[in-house]
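Asks: Here is a sequence together with a model predicted from it:
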Amino acid sequence: MYKNLNAVSLGISGRLNELIELALTYRFRGFDLELEPLVQQAESRGVEHATRFLSGGIIEIGGFDLDLDLIAKDEAFEAELKRLPAIADVARAVGAKTAILTVSPYCGWRQYHETFQLHCERIARIATALAESGVRIALN
């Protein structure tokens, strides 16, 4: 059985090295990563520095939350899409292969069929952008 630690769902927080130690102590083969802090570090200090704890391949990355608002207004969504290349670079560097994207069940200002079509179009754009880095999307 593949054991994967998702610290957020258990209410556990900590620095990356602490979460890796926790996962290894309890014999998890992988863990879900909070990628945004690594992306911010990569932008300020470089990808190598940001991913130094994960470069040894001691533990696998199960996935990471892709924090994009699928029902945002067009301008806001386009601004979020501009961050995808940086996210993809860090994901590739740590070996993360699955991005978990949360789909909103409704939208307060669009009809159901319009919201569904919007989700389809935006998810396709995101998937295409991440596929170049070998990252797949899982819908939550």
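Replies: That came through, no problem.
Asks: roughly how far apart are the residue sitting furthest away from the middle of the chain and Tyr26?
Replies: Within the chain, the residue lying farthest from the chain centre (Cα atoms, centre = their mean) is Gln111, at 28.2 Å. Plainly put, Gln111 is 47 Å away from Tyr26 if you go by Cβ to Cβ, to the nearest Å. C-betas here are computed from N, CA, C, even on glycine.
Asks: Tell me which residues are up against stretch 2-21.
Replies: Residues outside stretch 2-21 that contact it (Cβ atoms under 8 Å, 6 or more residues apart in numbering) are 22-23, 26-32, 34, 37-38, 53-54, 58-59, 62, 65.
Asks: make it 6 Å
Replies: Stretch 2-21 is contacted from outside by Ala23, Phe28, Arg29, Gly30, Phe31, Asp32, Phe53, Ile59, Gly62, using Cβ atoms under 6 Å, 6 or more residues apart in numbering.
Asks: Next step: these restricted to strands.
Replies: Gly30, Phe31, Asp32, Gly62 (DSSP state E).
Asks: Relative to Leu118, which of those is nearest.
Replies: Leu118 lies nearest to Asp32 out of these, by Cβ to Cβ, at 26.8 Å.
Asks: Identify the bridge partners of the closest one.
Replies: Asp32 has these beta-bridge partners by DSSP bridges: Gly63.
Asks: still on that earlier bit, max pairwise distance over the contacts of stretch 2-21: which two?
Replies: The largest separation in those, counting by Cβ to Cβ, is between Arg29 and Phe53 at 16.7 Å.
Asks: Just give me the longest helix of the chain.
Replies: Determined from DSSP state H, the single longest helix within the chain is helix 112-131.
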